[in-house]
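*Asks:* for reference, the sequence and a predicted model appear below.
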Amino acid sequence: MGVPGWAVSLAFFPGIIVHELSHVLICRLLRVQIVEVCYLDLDTAGGWVRHARPREAWKTVVIGMAPFGGNALIGSLVGVAGVALMGPAEVIGGLVLWVGGSAIIHSFPSNADFAGTVQALRDPGTPLWLQVLSYPGIGLIWAGARTSTLHVYVGMFYATVLIALGCWALGVGA
């Protein structure tokens, strides 16, 4: 039995917001029209960004996978800042660390993100080079995000590893 989706959404809601912001930012950078945005909906245990379908398949892949890079980067930086604040301001540091960890936990693309990405890769006319470069990475991300009831724990482990690596690389907490 897994953790209910609404409970994960409530506990880690900053990560959902950052996840959707990653999609929005990439849509704007790639000049893809955004139709509707919901940053947090506890009824669906998430949020969403509905956008126009890009003509180029690579744009769909980048939009769909944006949270994996965006949330991981933002979450790591915020998480490291939280660790740095733990000494002088433990409560604030803990809250900042929670926001960073939440972002990383929600870095894995959703089922809808995967479905749109895979559909774009399967469309006739999608260049073979894009398929060859995309499928292995998407497969690994999918496996990490879909480890049955353990997906929340995989996300927590991933967050711990990224924040620890960031602290090590920046010499924070040493």
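*Replies:* Received it, and whenever you're ready, just let me know what you need.

*Asks:* what packs against the one helix or strand Val161 maps to?
*Replies:* In this structure, Val161 sits in helix 151-170 according to DSSP states H and E. With contacts taken as 3 or more CB pairs under 8 Å, 6 or more residues apart in numbering; DSSP states H and E, helix 151-170 sits against helix 57-85, helix 90-105, helix 128-145. In this view, the C-beta of every residue, glycine as well, is placed from N, C-alpha and C.

*Asks:* if we use 10 Å, what do you get?
*Replies:* helix 5-11, helix 57-85, helix 90-105, helix 128-145 (3 or more CB pairs under 10 Å, 6 or more residues apart in numbering; DSSP states H and E).

*Asks:* average pLDDT across that helix?
*Replies:* Here helix 151-170 scores 84 as its mean pLDDT.

*Asks:* again, but for stretch 126-133
*Replies:* The average pLDDT for stretch 126-133 rounds to 85.

*Asks:* what residues sit buried inside that stretch?
*Replies:* 126, 130 (16 or more other CB atoms under 10 Å).

*Asks:* ok, which of the helices and strands packed on helix 151-170 comes nearest Leu165?
*Replies:* Checking the helices and strands packed on helix 151-170 against Leu165 by CB to CB gives helix 57-85 as the closest, at 7.6 Å.

*Asks:* and the most far-flung residue of the chain relative to its centre, which of the three is it?
*Replies:* What lies farthest from the middle of the chain is Pro88; by CA atoms, centre = their mean that is 29.6 Å. On the three-state scheme (DSSP: H, G, I helix; E, B strand; the rest coil), Pro88 is labelled coil.

*Asks:* against Phe12, how distant is it?
*Replies:* Per CB to CB, to the nearest Å, Pro88 is found 25 Å from Phe12.

*Asks:* list the buried residues in the least confident helix or strand in the chain by mean pLDDT.
*Replies:* Using mean pLDDT, DSSP states H and E, the weakest-scoring helix or strand in the chain turns out to be helix 5-11, at a mean of 74. The neighbour-count check on helix 5-11 (16+ other CB under 10 Å) flags 8-9 as buried.
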